[in-house]
Every structure is written in C-alpha cells, then in structure tokens.
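Trainee: sequence first, then the predicted structure, then my questions.
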Amino acid sequence: MKIAMTHVDLPNESKGGVAFQAHYLANVLVGRGHDVTMFTFSPWFEECRYKVHQYAINPKLKKFHAFLLAANLAKTDFSDFDIIHAHGDNFLLFGKHPQVRTFHGSAIDEAIAAVTWRFRIYQTVIAGLEKVGAWIADVNVGVSKATQKRIPAVSDVIPNGVDTVLFSPGQKSEHPSILFVGTTGGRKRGKLLADIFSREVRTKFPNAELWAVTEKPLEGEGIVNFGKVSQDTLCKLYRQAWVFCLPSTYEGFGIPYVEALAAGTPVVASLNVGAKEILDEGKYGVLAEDDRIGNQINLLLGDDNLRQKYAEIGLLRSQDFSWEKVAQKYETIYAELISKHKKL
C-alpha cells in the first residue's frame, strides 16, 4: 500500500510520545513492504525508513503548528496515495479519502488534567476540533478504551506499540533503583515522586536511587538526573531499574508503562485511566493512591519474589503491544477501507 501518514513533528524535534508512535509505526509498515510518506514540519533524519514531505514553517509561529499543519494538509494533493493516516490535526481534510484518524488520548481529558488555565483553554479548543476531525475521517481509531469512551466516534481500539526487542529484560542495578520518565511538573508529576522518594523511600532504603529522565533536574539526595537521553540509554535504564514509577494524573495511553513491562521492570502507577487499562486494574502492576505510592515502592524494593512476580506477568502483558500486532491491525483497517472506497 502507498500510505500518507501525518503528524506535526518527528522524534528528532519533539519529546512528545505521539511523534515517536507515528515514527515507529511508519518504520514498521515500511518493513512490512508498504510505501510510507510522513507529512510533517520536521526534517528527515537517519532513523526514518520512510519518506518525509516537510512543510516549511516560520519558527516564530511554531506555537500554532497544529493549525498550520491542518492548513498545509488541506492544500496537499493526496491522490497518488491509497490511504491517509492522520495522527491529529485533520480537521480541515475535507473530501480527502480514504482517511484514518488515530486519537492518542482525548483533549478534554488533557484539559481536565491541565495545571494552567492557558493549557486548559487550548485543550478545550482542540477538543472541539477533535470532533470535527472525527466527523471527517472514514475510520476513527483510539489507543485505549478510555479514549473511545471520551470520543464516541472511535470505532476501533488499537493500542500504541512497543519494540519488544529493544525494550527487553537485563541485569538489574546493584542498589535499589526507581526510574521516572516524564516531566517534573504538569500531569506527569516528577516533583511529587521526588518528594515521596526523599520522604518515604530514601529513609527506609538509604542506598536507593531515583533515576530521573526529565526536562529539568529534580532535587534531593539519591536522585540521579539524566536529562534527555538516547533510546539506547533509555532502554538500558528500563532494564536496570528495580521499579518504574510514573504518578501521572492523566495518560491517554501511557507508553512508558508498557516499555517498563517489556523490560521486566515492575510498575507502580497512580490511578489514571491509561495505567488502569494497561495494567488491567492492577493485574499486571501496582496501582496506588498518592498517599500509598511510597509504601508500594518500598514493598517492591524489599521483596525480591514480589518483584520477580510482577516482572514475569508484565513481560506477558507487554506482548499485547508488540509492533507487529499493532501494524497488522492497522493493515486490516487500511485494506477494508481501500476496498470500500474503490467500490464507491
């Protein structure tokens, strides 16, 4: 198939999870014999197995990139492609078919979880545009049942994927270690975890370390700040950590949880909808209220057998999110939609 895929940016210019998911899916589809072109504001880089159609953008206008991408897509001729697959910003793609839209969470939930009024207002506007995009697309896919619940137009649920070869088990660190991947503030709440670590974990395990992969350093004894890391380093940290913890107030999906599961690292998560779905209400990892997160981390750090139990069942769960399974599901939707469109 000849596939036109769209996303505002790529991993070489973005820290956002959707950019990575669109990139990885495109690469997997190329590996499965498809011809994929990504329409984006980012340039091609060495990890791209697919073609890149880069739109020009004034750096001063990047804050409006979602709206500018929509305008550029509306002016693009996609007639040479079998199908269009948009990872957002398709609200001006009228009359361009067949078209698939993937929702990586919902803007209304982002608005509810927002910690600033500016971001809340922005996401509220995006929520209205999501409804338009869902109406335009021929098939709407959500990455979770929680997303489908928020966006009723979503007919199919296909989870985000993880590379189960890159993210795989390995030797754990010598001393107790907790890994956090996210932002220090906002809904990811890195600062909250740092406080819990200093107040509850470090007092019980004086040699424990909190490894922070964040945009800003976290402060406290035993906290090791890695900043932005390469994929190889990230995989290594997942493998070596004793426990992974991400206490987000909201995750539309929560790919870091899956990456930890695939690396054989037990997960402690807050009660957000993404974590609850991935961990199947606590079957494959630990779900905890804020005032119980420290206690649950300590239980895992102090019990080798408990950690091994969660590592083993987590590995089984991670297979549900392998890229091959994800790609196969999208291929089925593509083929059915292309066949239906040809009959019209």
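Mentor: It's in. Numbering: from 1, shown residues only.
Trainee: helices along the stretch 201-344 of the chain, start to end?
Mentor: 202-204, 231-240, 255-262, 273-278, 293-301, 304-318, 323-343 (DSSP state H, counting those that start in this stretch).
Trainee: among those, which is the most enclosed?
Mentor: Most buried of the helices of the stretch 201-344 of the chain, by mean neighbour count (mean count of other Cβ atoms under 10 Å): helix 255-262, with a mean of 28. The way it works is simple: take the backbone N, C-alpha and C, and place the C-beta from them, glycine included.
Trainee: now for that helix, which elements pack on it?
Mentor: In this structure, helix 255-262 makes packing contacts with helix 17-31, strand 177-181, helix 231-240, strand 243-246, strand 267-269, helix 273-278, helix 304-318, judged by 3 or more Cβ pairs under 8 Å, 6 or more residues apart in numbering; DSSP states H and E.
Trainee: as TSV, those with mean pLDDT and distance to residue 126 would be great.
Mentor: Output for these, formatted as TSV (pLDDT from 0 to 100; distance: least, Cβ to Cβ, whole Å):
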stretch	mean pLDDT	distance to residue 126
helix 17-31	96	13
strand 177-181	98	24
helix 231-240	95	28
strand 243-246	98	23
strand 267-269	98	25
helix 273-278	95	18
helix 304-318	97	30
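Trainee: a markdown table for those, including distance to residue 171?
Mentor: What follows is the helices and strands packed on helix 255-262, written out as a markdown table (distance: least, Cβ to Cβ, whole Å):
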| stretch | distance to residue 171 |
| --- | --- |
| helix 17-31 | 26 |
| strand 177-181 | 12 |
| helix 231-240 | 7 |
| strand 243-246 | 15 |
| strand 267-269 | 19 |
| helix 273-278 | 25 |
| helix 304-318 | 13 |
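Trainee: can you pull the contacts of the closest residue to residue 29 other than its chain neighbours?
Mentor: Using Cβ to Cβ, 6 or more residues apart in numbering and skipping residues adjacent in sequence, the residue nearest residue 29 is residue 36, 5.2 Å away. Taking Cβ atoms under 8 Å, 6 or more residues apart in numbering, we find residue 36 in contact with 3, 5, 26, 29-30, 50-51.
Trainee: cool, and residue 72?
Mentor: 39, 55.
Trainee: same deal with residue 217?
Mentor: Residue 217 sits in contact with 184, 225, 227, where contact means Cβ under 8 Å, 6+ apart.
Trainee: contacts only, for residue 163.
Mentor: Applying Cβ under 8 Å, 6+ apart, we find residue 163 in contact with 24, 262, 323.
Trainee: what's the spacing between it and residue 96?
Mentor: 31 Å (Cβ to Cβ, to the nearest Å).
Trainee: now the helices for the stretch 1-150 of the chain?
Mentor: Using DSSP H, counting those that start in this stretch, helices in the stretch 1-150 of the chain cover 17-31, 65-74, 107-113, 117-136, 145-150.
Trainee: in TSV: the ones you listed, plus distance to residue 203.
Mentor: Listed next are the helices of the stretch 1-150 of the chain as TSV, based on distance: least, Cβ to Cβ, whole Å:
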stretch	distance to residue 203
helix 17-31	33
helix 65-74	45
helix 107-113	30
helix 117-136	35
helix 145-150	35
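Trainee: deepest-packed of those helices, please.
Mentor: Most buried among the helices of the stretch 1-150 of the chain, counting by mean count of other Cβ under 10 Å: helix 17-31, with a mean of 21.
Trainee: who are the packing partners of that one?
Mentor: strand 2-6, strand 35-40, helix 255-262, helix 323-343.
Trainee: please produce TSV containing those, extended by distance to residue 59.
Mentor: Converted to TSV, these look like this (distance: least, Cβ to Cβ, whole Å):
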stretch	distance to residue 59
strand 2-6	21
strand 35-40	15
helix 255-262	28
helix 323-343	33
